[in-house]
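> please find the sequence and the predicted model below.
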Amino acid sequence: MNFGLLLPAGLLALVALVVPVLLHLVRQSEQKRVEFAALRWLTARAQPRRRPRLDEWLLLLLRLVLLALLALWLAQPVWLGPQDTRPWLLVHPAIPASRTPPPSNLDEQRRWLAPGFPSLEQPAPKSTASIGSLLRELDASLPANAAMRVLVPTQFDATDAERPVLRRRVTWSVVPGITAFAPVSPQRTFRMAAHVDPAHRGALPYLRAASAAWATRTPSARKPEPLREIANNEGPHIGDTHLFWLAVAPLPASINNWVKSGGVAVLPHNSEIATDSSKASIAWRSSDGAPLAQRVRHGKGAWIRLLVPLDPQSLPALLEPDFPRALQELLVTAPPIATRTPALAYAPLIGAASAYPQTPSPLGPWLAGLIALLFALERWLAASPRRIRA
């Protein structure tokens with residue numbers, strides 16, 4: 001166990017210890033001289049010199065201790081307790097607790113490899129946290145001489161792009177016959193709808209041409225359906241994934257809810273629909289780098305606002321052969337990067353930086369309570385009836 005001070009300069013307040021001593025000496029010399037008539041004719045004799053004597057030494061000692069504790073509290077004392085060097089066993093939540101090996105040590109910490117590292121005595125948590133991040137977190141918090149065993153399935157999800165690098169050697173054990181893959185949602189068919197007012201009617205042929213081009217380039221199993229035109233008071237159908245709302249008319253509430261649930265709606269450059277521009281990102285640029293459209297997240301879906309009119313004069317890309325591909329990249333969000341990893345290929349490496357310093361425990365709250373108790377005792381002694389009579 002070690003004690004330390006975060007602000008040693010606070011000990012300079014110890015010079016205040018002379019104040020109670022001086023006050024006790026001054027109060028002792030406060031004596032009033034009373035002249036008696038019968039004594040005024042007597043010759044004054046020299047009084048013997050008396051050494052200063054401290055009265056009420058218990059009260060003085062209490063005040064000195066109180067000031068010393070205040071100075072120590074200002075110095076922000078901390079306590080570095082003994083480090084816990086017990087070994088750890090971390091088990092992936094996909095592995096049944098019945099398949100865990102027996103403890104290698106009676107003091108072994110047996111935990112789930114999940115946020116918070118709950119005990120194996122609790123039910124297995126449903127965790128999707130990164131295994132590499134969890135290992136690095138625990139490696140940084142444990143003492144350097146604490147052993148760590150990890151039990152993982154043959155393959156699992158939720159990994160980083162590279163093997164974790166730790167500062168200790170880890171016993172990496174693979175349990176055969178178990179995998180831990182998150183369920184993959186089935187890919188929806190690419191279905192589009194469009195609502196176009198007379199002012200934006202000229203953009204409809206280009207959208208139909210792009211839709212026809214997608215149908216010829218996509219495998220028949222996932223072939224996009226033709227562009228479907230809807231009326232002003234009609235919303236997207238079930239299964240629609242994208243909507244071109246090329247109109248300045250107010251947006252129905254059903255479409256707003258549809259976008260929140262995962263749909264993607266394309267708005268014209270002169271749309272009056274309000275979007276949060278602080279969350280916008282450029283989603284489409286021209287060949288010379290000029291922004292053409294921006295994407296704004298909205299719930300699980302997104303708004304795509306065109307920054308230029310959808311006509312050949314303002315957007316020459318409409319006439320280029322590459323327009324269908326560029327439009328499809330604008331509409332389709334890139335799928336997440338695959339994170340499935342073989343366990344043997346993800347075994348941690350050794351070579352991380354030195355250990356992080358141990359987090360100290362502050363003693364300030366305990367000192368504050370002790371100071372309050374001593375202050376109450378000092379006030380009781382200072383205001384006691386015996387001292388007032390004296």
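Looks like it came in fine.

> domain map for the chain?
If you go by automatic domain parsing, the domain ranges for the chain are 2-30+52-81+361-389, 88-181+341-350, 193-331.

> where's residue 213, which helix or strand?
Using DSSP states H and E, residue 213 sits within helix 204-217.

> and the helix or strand following that helix, what does it pack onto?
Counting by DSSP H and E, the next helix or strand C-terminal to helix 204-217 is strand 228-229. Identification of packing neighbours for strand 228-229 by 3 or more CB pairs under 8 Å, 6 or more residues apart in numbering; DSSP states H and E yields strand 192-196. For the C-beta atoms, the positions are set from N, CA and C on the backbone; glycine is no exception.

> roughly how far apart are the closest residue to residue 228 other than its chain neighbours and residue 245?
Once flanking residues are discounted, residue 228 sits nearest to residue 193: 4.8 Å by CB to CB, 6 or more residues apart in numbering. In this view, residue 193 and residue 245 are 9 Å apart by CB to CB, to the nearest Å.

> please say which of the two ends up with more neighbours.
Ranked by neighbour count (other CB atoms under 10 Å), residue 193 and residue 245 place residue 245 first, with 25 against 22.

> so which strand or helix has the more buried one?
strand 242-246.

> ok, now which ones touch residue 73?
10, 364, 367-368, 371 (CB atoms under 8 Å, 6 or more residues apart in numbering).

> which helix or which strand is home to it?
If you go by DSSP H and E, residue 73 is part of helix 57-74.

> please work out the average pLDDT along that helix.
For helix 57-74, mean pLDDT rounds to 88.

> ok, stretch 178-187 next?
For stretch 178-187, mean pLDDT rounds to 62.

> cool, stretch 274-294 as well?
Averaging pLDDT along stretch 274-294 gives 82.

> same thing with stretch 212-222?
Taken as a whole, stretch 212-222 has a mean pLDDT of 63.

> now swap in stretch 104-124 and tell me
Stretch 104-124 comes out at a mean pLDDT of 89.

> so how far is that stretch off the chain centroid?
Offset of stretch 104-124 from its chain centre (CA atoms, centre = their mean, to the nearest Å): 23 Å.

> and the contacts of that stretch?
By CB under 8 Å, 6+ apart, the residues outside stretch 104-124 that reach it are 86-94, 96-97, 100, 103, 125, 127, 129, 131, 134-135, 138, 149-152.

> hmm, 7 Å instead?
Residues outside stretch 104-124 that contact it (CB atoms under 7 Å, 6 or more residues apart in numbering) are 86-93, 97, 100, 103, 125, 127, 129, 131, 134, 138, 150.

> state the distance from residue 252 to residue 227.
Computed as CB to CB, the residue 252 to residue 227 distance reads 19 Å.

> looking at the two, which is more packed in?
With neighbours defined as other CB under 10 Å, residue 252 and residue 227 compare such that residue 227 has more, 19 against 15.

> which residue packs closest to that one, ignoring adjacent ones?
Once flanking residues are discounted, residue 227 sits nearest to residue 211: 4.3 Å by CB to CB, 6+ apart.

> that neighbour reaches residue 192, doesn't it?
Yes. With contacts counted by CB atoms under 7 Å, residue 211 reaches residue 192, the gap being 6.5 Å.

> which neighbours do the two share?
Contact criterion CB under 7 Å, 6+ apart; residues shared by residue 211 and residue 192: residue 227.

> returning to that earlier point: what pairs with the strand holding residue 245, parallel or antiparallel?
Counting by DSSP bridges, the strands paired with strand 242-246 are strand 192-196 (parallel), strand 264-267 (parallel).

> who touches that strand?
So strand 242-246 is contacted by 192-197, 200, 203, 207, 236, 251, 255, 263-268, 310, 331 (CB under 7 Å, 6+ apart).

> can you name the next helix or strand after it?
Using DSSP H and E, the helix or strand that follows strand 242-246 towards the C-terminus is helix 253-260.
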